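Trainee: fold the stuff below for me.
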Amino acid sequence: MNDKTDTTAKELNYSVVNSYWKKAAPSIMGPYMMEGFGFPANAGHFRFLAESAIVQQLLHNAKIDATGAALDLGSGVGYWAEFFAQKFNKVIAVEASAPLYESMVQRCASYKNFTPIQGDVMSFEPEGRFSLIFLGGLLMYLNENDVVALLQKLKPLLSPGGIILCRESTVRNGTLTREGEEYQAVYRSVSNYLGLFNKCDLTVAQTCLNAPYTLMQMGCELIKKWKTSVPKSLQIIPAVGRLAYWGLRLGNPWIINIPSAMGIDFPELTNHFFVVRADSQSSSSNETSSIIR
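Mentor: Model (predicted):
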């Protein structure tokens, strides 16, 4: 697979992006991009539970009205939709990929407050107001003009005190564009995202490092290096992947601080939560904080 990268903001080819997700495996490992590294099946569940604890804290800090509605755009296999269905009076979840949509419907079928919609988020026209609009790794698959267009469409849908909560993979500076023939995405820096939100007249109330992502991404990037330096016949990925995973788990949380303490930018990709409001009521506008689990 051709998997070039570029440090300038290149335009994504949406036909490549859509084709990848139409064929994506309906598992928690697939949307988390954790397949093929030899990690045990519970690695995805560990990461989701740790991330959901962060989201729970962010919702608490933002004083979100749980009696309102939540909109989950690009909901994948439905883990986040299920999480929100347990907390909000109403949840609408939108997913374009057929296999992921079917998995989401099956996962959340027992929740009477849950409404699934199969469709493209850019053409979807939601009705009503929402206490929470969740974008869980969606903006990285949109070109900048479409990021701005989507955010501007969503802003009027927020109820008073409501937030847009974004969870996006990031790089430390500038942008990093994957231009593969099978997979494409654009990773933006935190400062770039803050600039995009500001462009839409949105207020960033909090920016929070997604430490569970960083921990698992360290393992992914280490396994990638192992694959490029060791002959395929000697890689024993299932064993190496399990060893890397449990080593990271045992070393959590202090292990993610080692690279920065040594002056090393590792892993290449990180991830952040952005709590975004359509008003100026923010206790820590553009202030970065870390929650480590």
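Trainee: that's a helix at residue 224, yeah?
Mentor: Yes. With DSSP: H, G, I helix; E, B strand; the rest coil as the criterion, residue 224 is located in a helix.
Trainee: in three-state terms, label residue 221 for me.
Mentor: Of the three states, residue 221 takes helix under three-state DSSP.
Trainee: and it, what is it in contact with?
Mentor: Contacts of residue 221 were listed using C-beta atoms under 8 Å, 6 or more residues apart in numbering, and they are 266-269. C-beta: built from backbone N, CA, C; applies to glycine.
Trainee: from residue 119, how far off is it?
Mentor: 34 Å (C-beta to C-beta, to the nearest Å).
Trainee: residue ranges for the strands of the stretch 151-293 of the chain, please.
Mentor: Along the stretch 151-293 of the chain, counting by DSSP state E, counting those that start in this stretch, strands occupy 158-171, 175-179, 184-189, 203-210, 270-277, 288-291.
Trainee: okay, angle between the fourth one and strand 158-171 too, please.
Mentor: Here the directions of strand 203-210 and strand 158-171 differ by 40 degrees (axes from the mean of the first three to the mean of the last three C-alpha atoms, to 10 degrees).
Trainee: ditto for the fifth one
Mentor: Put simply, strand 270-277 runs at 160 degrees to strand 158-171, going by the same axes, to 10 degrees.
Trainee: sheet-wise, list the partners of strand 270-277 with their directions.
Mentor: Looking at strand 270-277 with DSSP bridges, its partner strands are strand 158-171 (antiparallel), strand 203-210 (antiparallel).
Trainee: now these in TSV, with mean neighbour count and distance to residue 131?
Mentor: Shown next, in TSV, are the strands paired with strand 270-277 (neighbours: other C-beta atoms under 10 Å; distance: least, C-beta to C-beta, whole Å):
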stretch	mean neighbour count	distance to residue 131
strand 158-171	21	5
strand 203-210	22	14
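Trainee: what's the closest of these to residue 115?
Mentor: For residue 115, the closest of the strands paired with strand 270-277 is strand 158-171, at 17.1 Å, according to C-beta to C-beta.
Trainee: any chance of the strands paired with strand 270-277 in a markdown table with distance to residue 228 as columns?
Mentor: A markdown table is the format used below for the strands paired with strand 270-277 (distance: least, C-beta to C-beta, whole Å):
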| stretch | distance to residue 228 |
| --- | --- |
| strand 158-171 | 20 |
| strand 203-210 | 26 |
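Trainee: mind checking which of these is nearest residue 77?
Mentor: Closest approach to residue 77 among these (C-beta to C-beta): strand 158-171, 15.0 Å.
Trainee: alpha carbons of the closest one, as CSV, please.
Mentor: Provided in CSV are the C-alpha atoms of strand 158-171 (Å, rounded to 0.1, in the frame of the first residue of the first chain):
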residue,chain,number,x,y,z
LEU,A,158,-26.5,23.7,20.3
SER,A,159,-29.0,24.2,23.2
PRO,A,160,-28.1,26.9,25.8
GLY,A,161,-25.0,25.7,27.6
GLY,A,162,-24.5,22.9,25.1
ILE,A,163,-21.1,21.8,23.7
ILE,A,164,-19.5,20.3,20.7
LEU,A,165,-17.0,17.6,22.0
CYS,A,166,-14.3,16.7,19.4
ARG,A,167,-11.9,13.8,19.8
GLU,A,168,-9.3,14.1,17.1
SER,A,169,-5.9,12.6,16.4
THR,A,170,-3.2,15.3,16.4
VAL,A,171,0.4,16.1,15.6
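Trainee: having no further points to raise, I will conclude here.
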